[in-house]
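> below is the sequence, then the predicted model.
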Amino acid sequence: MNILQIVLIIAVAALVIGKRLTGRPVDTRRSVVMPGILAVYGWFILQKSGTLTHTDQVWLAVEGAVSVAIGLVRGSTIRLYERDGVLWARYRPLTLLLWIGSIAARFGLEAAAVGAGAGKAAMTSSTMLMFGVSLAAESLIVLPRAYASGIPVLARS
């Protein structure tokens, strides 16, 4: 992973978390498209890291499962409320703590993976992929909650 990719990951994470801490309208398109773009971009970064060994694949699956689990839990902590006639979402302090926990888990899993023989390049290169997967899992919880609220949700096409 080069410095540009690291800066991009930090910038995207700061932007996403920052906007969600202040609150924003729930937007179906953004909730689906952004995680998808991040995951696809992350997949390409991962593919550029070289051939994945079986050990890499196992640890990537573990990281993926943890990313999904944390994203699902995080999605359940998001506050949904009405503002200006549409549904808004806002991260709570617990949601922020879950982000911190997921970052710590990511570093821990990467260290464990490399210690178990997985390639450092593969584990490091999967960061954006796992970020996208985690946001997609979060949306899997938030969007059904949003539609169940009965409050109008932005659905731009």
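The structure has been received and is ready for your questions. Numbers count the residues shown, from 1 in each chain.

> where exactly do the helices run in this structure?
Here the chain has its helices, by DSSP state H, at 3-22, 28-48, 54-77, 93-115, 120-125, 127-148.

> contact partners for residue 8?
residue 128 (CB atoms under 8 Å, 6 or more residues apart in numbering). C-beta: built from backbone N, CA, C; applies to glycine.

> and residue 109, by the same measure?
59, 62, 63, 66, 123.

> wait, residue 139 sits on residue 31?
Yes: contact criterion CB atoms under 8 Å: residue 139 and residue 31 qualify, at 4.3 Å.

> need the max-distance pair from the contacts of residue 109.
Spanning the widest gap among these are 66 and 123, at 12.8 Å by CB to CB.

> and of the contacts of residue 109, the nearest to residue 4?
Nearest to residue 4 among the contacts of residue 109, counting by CB to CB, is residue 123 at 18.8 Å.

> circling back: select, out of the helices of the chain, the one closest to residue 86.
helix 127-148 (10.0 Å).

> where does the chain have low pLDDT?
For the chain, the stretches flagged by pLDDT under 70 are 1, 156-157.

> using CSV, please lay out the contacts of residue 109 together with distance to residue 21 and neighbour count.
Shown next, in CSV, are these (distance: CB to CB, whole Å; neighbours: other CB atoms under 10 Å):
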residue, distance to residue 21, neighbour count
59, 31, 24
62, 29, 14
63, 25, 24
66, 23, 18
123, 28, 24
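
> I'd like those residues written out as CSV, with distance to residue 131 added.
Below are the contacts of residue 109 laid out as CSV (distance: CB to CB, whole Å):
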residue, distance to residue 131
59, 17
62, 16
63, 11
66, 12
123, 14
